[in-house]
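Q: here are the coordinates; sequence isn't available:
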């Protein structure tokens, strides 16, 4: 299994615990791109990725910080040859933002890492996506350590979950690039993603209970096991 240290970046992600009304849109379309323009410095919009780093410089995690344990049981999937070095096995070990490196796998271009079972399922979705569009699915963010969640919360307070409660912290969420959360590619992902266990959650969709975040996708069965946050 390939291991790595996660990097911060990408739009805020799962923010259901944040107050505020959802954006009233008629559905995913070219308007989704306009909706994203209100996000300051969003990595999905620019499709720029933060440099990979083995440390979270400047971040101090309080000793009394609490992180829910949750029931993070793995979802069984078969490892495809499209993700060499990842056997798709995860035990659900660790806390939110403190998932052991051997529970994570790098994705097809070496970035970002997500939990092994989620990685294999997403690799299968990417294989079908590549066959359809001639190129791999572009991602800006995956697993976030607790310190990276603290950074994201400080940078985008209305678009990120409370540190220790983000599904990025379990390695069960990714943020996709702007070219795939509107138009034909969005339609294809919405039709085919659930077959591979990945979906844009209802709270993040137009008219949902949280911020409109078409870029935020989750490995749904595993997220349900940890209680969504």
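A: Happy to help now that I have it. All of these numbers come straight from a predicted model, not from anything done at the bench. Numbering: from 1, shown residues only.

Q: contacting residues for the closest residue to residue 171 other than its chain neighbours?
A: Counting by C-beta to C-beta, 6 or more residues apart in numbering, residue 115 is the residue found nearest to residue 171 once chain neighbours are left out, at 3.6 Å. Every residue, glycine included, has its C-beta placed from N, CA and C. Contacts here follow C-beta atoms under 8 Å, 6 or more residues apart in numbering; on that basis residue 115 touches 74, 90, 99, 103, 104, 105, 143, 170, 171, 172, 219, 222.

Q: Mind checking which of the residues you listed land in strands?
A: Of the positions in these, 104, 105, 219 sit in strands, assigned by DSSP state E.

Q: ok, the first one touching residue 144?
A: No. With contact defined as C-beta atoms under 8 Å, residue 104 does not reach residue 144; the gap is 11.4 Å.

Q: out of the two, which sits in the busier spot?
A: Higher neighbour count among residue 104 and residue 144: residue 144, with 32 against 26, using other C-beta atoms under 10 Å.

Q: buried ones in the helix or strand hosting residue 190?
A: Secondary structure assignment for residue 190, by DSSP states H and E: helix 183-192. Residues 185, 186, 189, 190 are the ones in helix 183-192 that count as buried (16 or more other C-beta atoms under 10 Å).

Q: Check stretch 130-140 too.
A: Applying a neighbour-count criterion of 16+ other C-beta under 10 Å, one finds 137, 138, 139, 140 buried in stretch 130-140.

Q: So for it, first residue to last residue, what's the gap.
A: Using C-alpha to C-alpha, to the nearest Å, the end-to-end distance of stretch 130-140 comes to 17 Å.

Q: Understood, closing this out.
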